[in-house]
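Participant: Output the structure for:
(one chain, ligands or ions: 1)
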Amino acid sequence: MSKVYLKEQEYGKDRVRLAKVIRREKWHDIIELTVRVLLDGEFETPYTKADNSMVIATDSIKNTIYILAKQLSCVENIEIFASEIGQHFITTYSHVHKATVSITKHKWTRMLIDGKYHDHSFLRDGDDVHDTKVVVSRKGIIIESGLKNLLVLKTTGSAFYGFLRDKFTTLPDMDDRILSTSVDATWTFNIQSIASITKIPFNYIFESIKQITLHIFATDNSASVQATLFLMAKNALEKHSQIDSVRYELPNKHYFTYDLERFGLKNTGKDSDIFVPFSDPAGLITATIARVKSKL
Ligand SMILES: O=c1[nH]c(=O)c2[nH]c(=O)[nH]c2[nH]1
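Facilitator: Residues are numbered from 1 along each chain as shown. You can find the predicted model right below:
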């Protein structure tokens, strides 16, 4: 019989949904989150000896998330809230060596009613979210954050030509095309110490990278998704010294002209205005852009 061992494990609670209302007199805020907490440490015996004595029940992990959300004022800053949750498990239980806390913040945008921001009404104006993954251990803390599901489209200012051509190639050179993608971006913070994280303006950096992404998307005369992606990441890294690298995952959501020549209607080149949006298949361009470390 071959010998086996527990090579790795992480366990915890996933998809914990939580909303917190912040009331300042009549002016309210709403924060809606989905949280995942995974723990690692001395957790071999529950698997190998059916011994649950050191298992923090995933139900207790869930309770902890709600209790900390009640007690802490940092819930709006998901990176800080995630690191507080992680630190709670590391400091409370000596057999927990690592806590990985992932949080997605869902979008609730304040309504503009009769030209004024409403004090307690919000709408979901897009599926894009701010998320974070924080790994807390006794060695330190790793924080990465992201912008997910930001759907964008431009009707011109995008080309794709000069690519490798062989007997498998049918795509024509395109000097003008629709460009559409759903932006997923993830950036990694350069953290000096756990104490220093409260000084990082995580929400400002999120909004800024979102704006940089939109600005480059709209204004770059795109030679390819690859070239536009690189420019987005370069600008984000140049503006924010607190981040070390940025990864983008950009599907190329194709819009091809419909063949209307068959009906005697012009629909190519300057006359093209009727397109078929293709949900599948899509191109997928992914890259991580990092800062070149100075040798000094
Ligand atoms: O921007 C693009 N990059 C590609 O690599 C590619 N490949 C393709 O068929 N169309 C595109 N567009």
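
Participant: near the ligand, which residues of the chain show up?
Facilitator: Within reach of the ligand by CB under 6 Å from any ligand atom, the chain has these residues: 160, 171, 224, 225, 226, 252, 283. C-betas here are computed from N, CA, C, even on glycine.

Participant: the helices in the stretch 151-296 of the chain, which residues?
Facilitator: Ranges of helices in the stretch 151-296 of the chain, per DSSP state H, counting those that start in this stretch, are 202-219, 225-239.

Participant: Of the residues of the chain next to the ligand, which count as buried by neighbour count?
Facilitator: With burial judged by 16 or more other CB atoms under 10 Å, the buried subset of those is 160, 224, 225, 226, 252.

Participant: Could you provide the residues you listed in a markdown table, with additional columns for pLDDT?
Facilitator: Converted to a markdown table, those look like this (pLDDT from 0 to 100):
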| residue | pLDDT |
| --- | --- |
| 160 | 98 |
| 224 | 98 |
| 225 | 98 |
| 226 | 98 |
| 252 | 98 |
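
Participant: picking that back up, can I get the helices of the stretch 151-296 of the chain in CSV including distance to residue 194?
Facilitator: Output for the helices of the stretch 151-296 of the chain, formatted as CSV (distance: least, CB to CB, whole Å):
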stretch, distance to residue 194
helix 202-219, 14
helix 225-239, 24
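
Participant: Tell me which of the ones you listed is the most buried.
Facilitator: Among these, helix 225-239 has the highest mean neighbour count (mean count of other CB atoms under 10 Å), at a mean of 19.

Participant: wait, what's in contact with the nearest residue to residue 54 once chain neighbours are set aside?
Facilitator: Closest residue to residue 54 apart from its sequence neighbours, by CB to CB, 6 or more residues apart in numbering: residue 95 at 5.6 Å. The neighbourhood of residue 95, defined by CB atoms under 8 Å, 6 or more residues apart in numbering, consists of 41, 42, 43, 54.

Participant: could those go into JSON lines alongside secondary structure and neighbour count?
Facilitator: What follows is the contacts of residue 95, written out as JSON lines (DSSP: H, G, I helix; E, B strand; the rest coil; neighbours: other CB atoms under 10 Å):
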{"residue": "41", "secondary structure": "strand", "neighbour count": "19"}
{"residue": "42", "secondary structure": "coil", "neighbour count": "12"}
{"residue": "43", "secondary structure": "coil", "neighbour count": "19"}
{"residue": "54", "secondary structure": "coil", "neighbour count": "14"}
